[in-house]
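Asker: Here you go, sequence then predicted model.
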Amino acid sequence: MSKISTLPPAMLNPPAGPPVRRRRRGLQRRATPYLYLLPTIALMIMLMVVPIIMVSGYSVMDNVITNQNPQPVGLANYVEVLTDPVFRTAVGNTIYFTGVSVVAHLVLGLVFALLLNSPLVGGRTKALFRLVYVLPWLFTVAIIAVLWRLLLNPNGVVNYLLQAAGVIDANVEWLANPDTALHAVTFINIWAGYPFFMISLLAGLQGIPKELYEAARVDGASIVQQFRHVTLPQLKPIIISMALLDFIWTTQQFALIWMTTGGGPINVTEMLSTFTYKLAFSRYEFSLASASAVIILLMSMILAYFYVRHQKARD
Amino acid sequence: MSNGALARRRFLALLGVSALALTAACGNGGDDDTAAGGDVTLEFSQWWEPELPEGSLRALMDEFEEQNPGITVELLSGPYASTKEQVVAGAAAGTMSDVVGLDGAWVSDFVKQGSIASLTDVMGEAGYDDSQLAAQIQIDGATYMIPVVNFVYPLLTNDQLLADAGIDAPPTNRTEFAEAASAVNDLGDDVSGWALPLSLEAPNGVQNDVMSWVWASGGSMLADGQPAVTNAEVTSATEYIAELWEAGVIAPGSFTMKEQDKVEEFTNGRVGMVISSLAHVNTLRESNPELEFSVSAIPAEDSYTGERGIPYASWGIGIAENSEHKAEAWKLVEFLMSESVNSELSSLANAFPGNTESVPDFVEGDPVFADAFEIYSSGYPENEFTGLPVAEELMRMFGEELQRTLNGDQSVDEGLEAAQARWSAEF
Amino acid sequence: MTQSTLVTTSTHQRGGMKKAGVLVGLVLGALFAGFPVIWMALSSFKSNREIFESPPRIITDSFSLDSYITILTDPVKVRFFVNSYVIGLAVTVLTLVVAIFAAYAFSRYEFPFKRVLNVVVISVQAVPPITLLIPYFGLMVTLGLYNTYPGLILTYMVFTLPYAIIMLTGYFNTLPRELDEAVKVDGAGPITALWRILVPLSVPGLVSVGLYTFMIAWNEFLFALTLTRTQDMRTVPIGIQLLMGQHSYEWNEMMAMSVLGCIPILVLFLFFQRYFIGGMTAGAVKI
């Protein structure tokens, strides 16, 4: 019994003769990781890969859903999407929106996590602040959108407070002015998203061995140096993983933008997600929308590839 | 027991649990539409139930079930803003409800998708006399949607603000309107003359608040069913709106304002005038009992004396093409369109009936509604977007070009030409 | 706190300065994070009209709990909350279990197609869910999962698993392999190593992943709407959206519903937050 128990769990059959057994053991050893991955793979194939394949199929038809006899048109839809000037605007806006959001999420998340991890403040105080800091996280995006529409309304409380503080002299149409709208939605997204980083980094900070700091202090490292040479390198794997995930998630942020500006004014907040949505549900061009989705998928696959390569190099 | 054995058991348990979850899940679905005994369950999906007083639509359905033994109605209610996606996805998957609430702007797209049935055929089979129907939305000669109730969009004016500004009667033509708007605007205190919702998320402001100016002067944005937004009427209305914009009498936040925001601004006395549906008059009175307001026709061009088109939106109804109970579904439509039920539904929704014989009871009791009914009867309901292909996208395109124009990126003529080109591509 | 007893008086003063700095930072951050939420909570007590008043008022004249009472006494709305919790909890537990195994494979084994699998797991998240809606809907109907709890639970797992796997792989990678080897030398299998050593040491990571998973399931709107049909299957985000009517919003009820929705999550967070401060992994990594 004890011999079998050292084997991977796949080894459930009674052991056979020695040569077969060795071979089987090798096979089982190789099969083990796949067994662990089985539920994940089954689920992902059934509910993610299959729909994606269907969408890819749509993308090479003239149109689907609204068209009862779709005909294949090759890559025409891809050409049409890629040559659409609005698509390029959307790519630019998405890059700004995503880039600024991810960097700000990271910086805020890290600063707040460090503050909350500070040994200088008492446990109860920290507990209270921790609670306040996760608040933005607790709301569904529909509410975040209407709440900020209310706050940023030209007659809303933000303008009122900023005027009272003398920062602005007239009411600003934060979301309705083409010059400020993109920054405003980015700000809202920053507010709504940093707790994700904060929580993960807070958990990561707990994992840094105290000895590393003690050693650094013995070497005469300042707080800043400790941060740069101990904290950051230790958190780096978490930061990179989260930055990648956040980047991917933010590029497809739809509801927040749709419900605050609808991609407007004009098209200053048009993102890849709103662009794709309008193709699908406003123009009923499901094939064009599918082509756009596949393009987005390919772009993120490239990103994911570099991430995985980086992971591998690190190992 | 060794650790390994324990671990194995755990692992097996995990596999078992996930397999169970999957199979349990798979065996769980597939509701039967038909209950025992040949009874029929009709699904009726709409966004109306949450808009109406609580339980009132259900009560009507109970009445229907009583009159039609063997038919049960299941109400499936969703939020208005997402109803369209639901219907499109449902139709694509073949699970569309038997009876569906429709907006005029969606009809053409659903017909193209083949998801809603020709009511002309269904009515023919049922031998229905359609003379009482106020309107039928037709595509290529066949009816696909019947407006059950209609919400008209007259001009609402805040009596107090207008009086403060020295205006004693609601404006009747464009010059008067511009004067009134600017007088109200001069009151200061963050008060504006008019609200123009141009949100691109819900672009129906283009229909209700922009094109309404065209229709009120008897104009049209189409010529022989094709886009004609560069014509004199649309140009003059757009130029007029651009002048109001230049004069600064339009409430701030216009480019992201939605219908609901417009209503809040008016309710709270921050705009003097809005073109707005009567549907929320009761909410308006509830949330601001001191607000005194009047209802009048949308101002026309100064020289115009003809009948005025008044924009409206409908709660329309249609039957799914893949419904197995079209005859029963029609009974429900017929029930909703019958004189007394239609009156009742109109009263509940503060809307005008889709049956020409029906008279909602609020018309007699309430001066505001009496005025509105007067305007409704003396003009003609107009909504040129109804039945157009990708109607919502057309509104959005026009809205986008109008925003560019108002923002000073292009002239009125350039904007209209751009809109014309984009519309033409969709027809 | 314990450190201050070790330092000398001069650094003690500097410590006081630092403490003040940290506190100021915390308060500023709290204003940024909390103000909108507090505004929402205040609004939920106001009448619809007061919400839009200018200049804005902080405390309402007509303080009223009506919106809360309306929601809590409506069995349909209470059902939304029940649904959201059942689904959220099921998704969290199942995601964690499935992801722990997957992360273990990624962290401790080398196998063909590992990189490909990794790329797939990460990048499928980038497909805009809205484009998947139509094929997805058809799939769910075919599988008989339309309008069921399992339908929503499995759907959300597809969205939460990639994140959970990536994060947990990261946490497992920080734990030295010597730990599992030590257990295996004692005659235990890799599963024991996983559940006895890696999982307990990763509790802070598991808690943060679990919380995030719960939040995704709790807040999701698009699929919750599309994959359910009847009122008794709908979740809180849809309940909130139902208050956004065609012509006007029920502002105070929307706000009240959001406030009510987040209170239990806050309790959950309070309960679990000790894992963020305990430094549970710190000892282990030393080995």
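Answerer: Sure thing, it's come through.
Asker: okay, now the closest residue in space to B:M123 that isn't next to it in sequence: neighbour count?
Answerer: The shortest distance from B:M123 to any non-neighbouring residue, by CB to CB, 6 or more residues apart in numbering or on different chains, is to B:D130 (6.0 Å). The way it works is simple: take the backbone N, C-alpha and C, and place the C-beta from them, glycine included. B:D130 has 13 neighbours, counted by other CB atoms under 10 Å in any protein chain shown.
Asker: Please save the CA atoms from stretch A:48-61 in CSV.
Answerer: What follows is stretch A:48-61, C-alpha atoms only, in CSV (Å, rounded to 0.1, in the frame of the first residue of the first chain):
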residue,chain,number,x,y,z
MET,A,48,-15.3,29.0,-23.9
VAL,A,49,-13.5,27.3,-26.8
VAL,A,50,-16.7,26.1,-28.5
PRO,A,51,-18.4,29.6,-28.5
ILE,A,52,-15.1,31.1,-29.7
ILE,A,53,-15.0,28.7,-32.6
MET,A,54,-18.6,29.5,-33.4
VAL,A,55,-17.7,33.2,-33.4
SER,A,56,-14.7,32.6,-35.6
GLY,A,57,-17.0,30.8,-38.0
TYR,A,58,-19.4,33.8,-38.0
SER,A,59,-16.6,36.1,-38.8
VAL,A,60,-16.0,34.6,-42.3
MET,A,61,-19.6,34.7,-43.3
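Asker: so does it get close to chain B?
Answerer: No: Stretch A:48-61 does not reach chain B (CB under 8 Å from any CB of the partner chain); its nearest approach is 10.7 Å.
Asker: Point me to the residue of the stretch 201-315 of chain A nearest chain C.
Answerer: Distances between the stretch 201-315 of chain A and chain C by CB to the nearest CB are smallest at A:S300, namely 3.2 Å.
Asker: What strand or helix carries that residue?
Answerer: helix A:286-314 (DSSP states H and E).
Asker: what is the mean pLDDT for that helix?
Answerer: In this model, helix A:286-314 has a mean pLDDT of 83.
Asker: ok, now how distant is B:G269 from B:S276?
Answerer: As judged by CB to CB, to the nearest Å, B:G269 and B:S276 stand 14 Å apart.
Asker: And these two? Which one has more around it.
Answerer: Neighbour tally, B:G269 and B:S276, criterion other CB under 10 Å: the higher count belongs to B:S276, 26 against 21.
Asker: Please state the backbone phi and psi of the residue lying closest to that one once chain neighbours are set aside?
Answerer: For B:S276, ignoring the flanking residues on the chain, the nearest one in space by CB to CB, 6+ apart is B:L156 at 5.1 Å. In terms of degrees, to the nearest 10, the main-chain angles of B:L156 are phi -100, psi 130.
Asker: which residues touch B:L156?
Answerer: Listed by CB atoms under 8 Å, 6 or more residues apart in numbering or on different chains, the contact set of B:L156 reads B:F266, B:M273, B:V274, B:I275, B:S276, B:F293, B:S294, B:V295.
Asker: can we see that at 10 Å?
Answerer: B:170, B:262-263, B:266, B:271-278, B:281, B:284, B:291, B:293-296, B:368, B:372 (CB atoms under 10 Å, 6 or more residues apart in numbering or on different chains).
Asker: In strands, which of these appear?
Answerer: Judged by DSSP state E, the contacts of B:L156 include B:V271, B:G272, B:M273, B:V274, B:I275, B:F293, B:S294, B:V295, B:S296 as members of strands.
Asker: Could you list the domains of chain A?
Answerer: A:2-59, A:87-314 (automatic domain parsing).
Asker: I'd like those laid out as CSV, including mean neighbour count and distance to C:M215.
Answerer: Shown next, in CSV, are these (neighbours: other CB atoms under 10 Å in any protein chain shown; distance: least, CB to CB, whole Å):
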stretch, mean neighbour count, distance to C:M215
domain A:2-59, 17, 20
domain A:87-314, 20, 6
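Asker: For A:T94, see how far away the residue of the stretch 201-315 of chain A closest to chain C is.
Answerer: Relative to A:T94, and taking CB to CB, A:S300 is found at 11 Å.
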